[in-house]
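Undergrad: Pasted the sequence and its predicted model underneath.
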Amino acid sequence: MSDFYLRTETEAEMIAAFEAAGINIRNADGVVVDGAVLDYNGTRLDLGWLGPISIPITTGEDPEIVEPPFVDPRWHANLRVSGELPAEVLEQLPILDPEPGQPVRTWA
(Lines give C-alpha, C1' and ligand atoms only; values in the text may rest on other atoms or scores of the structure.)
Protein backbone atom coordinates (compact mmCIF):
# COMPACT_ATOMS: atom_id res chain seq x y z
CA MET A 1 0.00 0.00 0.00
CA SER A 2 1.31 3.44 -0.93
CA ASP A 3 0.07 6.93 -0.10
CA PHE A 4 0.67 9.87 -2.41
CA TYR A 5 0.15 13.57 -1.75
CA LEU A 6 -0.69 15.57 -4.87
CA ARG A 7 -0.81 19.30 -5.61
CA THR A 8 -1.58 21.48 -8.63
CA GLU A 9 -2.38 25.16 -9.03
CA THR A 10 -6.07 24.51 -9.88
CA GLU A 11 -8.72 21.82 -9.67
CA ALA A 12 -8.84 21.67 -13.48
CA GLU A 13 -5.11 20.86 -13.57
CA MET A 14 -5.63 18.06 -11.00
CA ILE A 15 -8.48 16.57 -13.03
CA ALA A 16 -6.37 16.80 -16.20
CA ALA A 17 -3.47 15.00 -14.47
CA PHE A 18 -5.71 12.08 -13.47
CA GLU A 19 -7.15 11.95 -16.98
CA ALA A 20 -3.63 11.90 -18.47
CA ALA A 21 -2.80 9.02 -16.11
CA GLY A 22 -5.86 7.11 -17.34
CA ILE A 23 -7.55 7.14 -13.92
CA ASN A 24 -11.27 7.91 -13.94
CA ILE A 25 -12.01 10.04 -10.86
CA ARG A 26 -15.59 11.01 -11.75
CA ASN A 27 -18.81 9.32 -10.68
CA ALA A 28 -21.74 8.57 -13.02
CA ASP A 29 -22.85 12.21 -12.75
CA GLY A 30 -19.40 13.46 -13.81
CA VAL A 31 -18.54 14.79 -10.34
CA VAL A 32 -15.33 14.10 -8.44
CA VAL A 33 -16.33 12.81 -5.02
CA ASP A 34 -14.08 13.10 -1.97
CA GLY A 35 -13.55 9.66 -0.49
CA ALA A 36 -14.22 7.87 -3.76
CA VAL A 37 -12.99 4.30 -4.14
CA LEU A 38 -11.63 3.82 -7.64
CA ASP A 39 -10.34 0.92 -9.69
CA TYR A 40 -7.37 1.00 -12.01
CA ASN A 41 -7.00 -2.34 -13.80
CA GLY A 42 -7.87 -4.26 -10.63
CA THR A 43 -5.89 -2.04 -8.28
CA ARG A 44 -7.93 -0.29 -5.59
CA LEU A 45 -7.42 3.46 -5.31
CA ASP A 46 -8.84 5.66 -2.55
CA LEU A 47 -9.14 9.35 -3.39
CA GLY A 48 -9.08 12.23 -0.94
CA TRP A 49 -10.18 15.31 -2.90
CA LEU A 50 -9.09 18.18 -0.67
CA GLY A 51 -8.86 21.41 -2.64
CA PRO A 52 -7.28 24.40 -0.89
CA ILE A 53 -6.04 23.58 2.59
CA SER A 54 -6.02 25.58 5.79
CA ILE A 55 -3.03 25.05 8.03
CA PRO A 56 -3.51 26.04 11.69
CA ILE A 57 -0.63 27.90 13.28
CA THR A 58 0.22 27.76 16.98
CA THR A 59 2.69 30.09 18.58
CA GLY A 60 4.82 29.99 21.69
CA GLU A 61 4.79 27.25 24.26
CA ASP A 62 0.99 27.19 24.60
CA PRO A 63 -0.53 25.13 21.74
CA GLU A 64 -3.92 26.62 22.55
CA ILE A 65 -2.79 30.02 21.27
CA VAL A 66 -3.63 29.89 17.60
CA GLU A 67 -2.83 32.48 14.98
CA PRO A 68 -5.05 32.89 11.92
CA PRO A 69 -4.44 29.86 9.70
CA PHE A 70 -2.28 29.92 6.62
CA VAL A 71 -4.36 29.04 3.56
CA ASP A 72 -2.67 27.33 0.64
CA PRO A 73 -5.08 28.07 -2.24
CA ARG A 74 -3.59 25.45 -4.58
CA TRP A 75 -5.51 22.21 -5.24
CA HIS A 76 -4.57 19.21 -3.08
CA ALA A 77 -5.55 15.55 -3.27
CA ASN A 78 -4.42 12.38 -1.53
CA LEU A 79 -4.26 9.01 -3.24
CA ARG A 80 -3.92 5.65 -1.51
CA VAL A 81 -2.93 2.79 -3.80
CA SER A 82 -3.60 -0.76 -2.58
CA GLY A 83 -1.10 -2.45 -4.86
CA GLU A 84 1.11 -0.86 -7.48
CA LEU A 85 0.62 1.52 -10.36
CA PRO A 86 2.87 1.46 -13.42
CA ALA A 87 5.63 4.09 -13.49
CA GLU A 88 4.11 5.71 -16.58
CA VAL A 89 0.87 6.29 -14.64
CA LEU A 90 2.64 7.74 -11.60
CA GLU A 91 4.67 10.06 -13.85
CA GLN A 92 1.44 11.78 -14.93
CA LEU A 93 0.41 12.61 -11.36
CA PRO A 94 1.60 15.77 -9.56
CA ILE A 95 3.08 13.87 -6.61
CA LEU A 96 4.78 16.01 -3.97
CA ASP A 97 8.43 15.09 -3.55
CA PRO A 98 9.38 15.26 -0.83
CA GLU A 99 6.02 14.47 0.71
CA PRO A 100 4.76 16.78 3.47
CA GLY A 101 6.24 16.14 6.93
CA GLN A 102 2.89 16.81 8.57
CA PRO A 103 0.06 16.24 6.09
CA VAL A 104 -3.11 18.18 6.80
CA ARG A 105 -5.16 15.03 6.22
CA THR A 106 -4.01 11.42 6.35
CA TRP A 107 -5.64 8.03 5.91
CA ALA A 108 -7.05 6.30 8.99
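TA: Yep, it's here. Worth saying up front: this structure is predicted, and the values here are computed from it rather than measured. Numbering: from 1, shown residues only.

Undergrad: Can you give me the buried ones in whichever helix in the chain runs longest?
TA: Criterion DSSP state H: the longest helix present in the chain is helix 11-21. For helix 11-21, the neighbour count (16 or more other C-beta atoms under 10 Å) marks 11, 14, 15, 17, 18, 21 as buried. Where C-beta positions appear, they are placed from N, C-alpha and C, glycine not excepted.

Undergrad: Could you check how far the fourth one is from residue 71?
TA: Note on residue 17: its distance to residue 71, by C-beta to C-beta, to the nearest Å, is 22 Å.

Undergrad: got a list of contacts for the longest helix of the chain?
TA: By C-beta atoms under 8 Å, 6 or more residues apart in numbering, the surrounding residues in contact with helix 11-21 are 6, 8, 24-25, 32, 51, 75, 77, 89-90, 92-94.

Undergrad: tell me which of these is nearest to residue 64?
TA: residue 51 (27.4 Å; C-beta to C-beta).

Undergrad: Report how many residues lie close to residue 62.
TA: Residue 62: 8 surrounding residues under other C-beta atoms under 10 Å.

Undergrad: check contacts around the residue nearest the centre of the chain.
TA: Per C-alpha atoms, centre = their mean, the C-alpha nearest to the average position across the chain is that of residue 77, at 1.7 Å. By C-beta under 8 Å, 6+ apart, the contact list for residue 77 reads 6, 7, 14, 47, 48, 49, 50.

Undergrad: And the furthest pair within these?
TA: Maximum distance among the contacts of residue 77 (C-beta to C-beta): 14.3 Å, for 7 and 47.

Undergrad: between those two, which one's more packed in?
TA: Neighbour comparison, residue 7 and residue 47: the larger count goes to residue 47, with 20 against 17 (by other C-beta under 10 Å).

Undergrad: now the more buried one, which residues is it bridged with?
TA: Residue 47 forms beta bridges with residue 79, as assigned by DSSP bridges.
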